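Q: turn this into a model:
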Amino acid sequence: QVQLVESGGGLVQAGGSLRLSCAASGRTFSNYAMGWFRQAPGKERVFVAAMNWSGISTYYADSVKGRFTVSRDNAKNTVYLQMNSLKPEDTAVYYCASKTSPPSRRSKDYDYWGQGTQVTVSS
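A: From the prediction side, this is the model:
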């Protein structure tokens, strides 16, 4: 079992930045690929970013490429999502998730999920 807890969400103006954190506990964190997904009200959960166990390989949705950066610190069992140049359409609940390698863009491939953290971007 892997337990994931997100933090760092909040309210920010368009053009601002936030950094989300996802703290993991349980099985060896460094063995797992990590992903970030988001779900806006009334919409499906969609892929945002993912990275492999080492953090060397990263993947992004086109909508966030160049604005968001995913990273991890295996010594701290934590993965981060740095979000810059935020837009109102980035408003959603953001979830981190883990799976055994390789990373995936499909939410159904992930085994463990956090509870989510709300990000609201005002115009």
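
Q: need the contact list for the residue nearest the centre of the chain.
A: By CA atoms, centre = their mean, the chain has its centre lying nearest to residue 36, at 2.6 Å. Contacts for residue 36 (CB atoms under 8 Å, 6 or more residues apart in numbering) come out as 20, 22, 47-50, 70, 79, 81, 94-97. In this view, the C-beta of every residue, glycine as well, is placed from N, C-alpha and C.

Q: between the residues you listed, which sits nearest residue 88?
A: residue 94 (14.9 Å; CB to CB).

Q: partner strands of the helix or strand where that closest one lies, parallel or antiparallel?
A: For residue 94, the host element (DSSP states H and E) is strand 92-100. Strand 92-100 pairs in its sheet with strand 32-39 (antiparallel), strand 112-113 (antiparallel), strand 117-122 (antiparallel), by DSSP bridges.

Q: how about the nearest residue to residue 5, chain neighbours excluded?
A: Excluding the flanking residues, the one nearest residue 5 by CB to CB, 6 or more residues apart in numbering is residue 23, at 5.0 Å.

Q: report the beta-bridge partners for the one you found.
A: residue 5, residue 78.

Q: start to end distance for stretch 61-75?
A: Counting by CA to CA, to the nearest Å, you get 27 Å between the two ends of stretch 61-75.

Q: distance of the closest residue to residue 29 other than its chain neighbours from residue 47?
A: Nearest non-adjacent residue to residue 29, counting by CB to CB, 6+ apart: residue 77, 4.2 Å away. Distance of residue 77 to residue 47, computed by CB to CB, to the nearest Å: 23 Å.

Q: quick check: of the contacts of residue 36, which lies closest to residue 2?
A: Nearest to residue 2 among the contacts of residue 36, with distances taken as CB to CB, is residue 97, at 9.5 Å.
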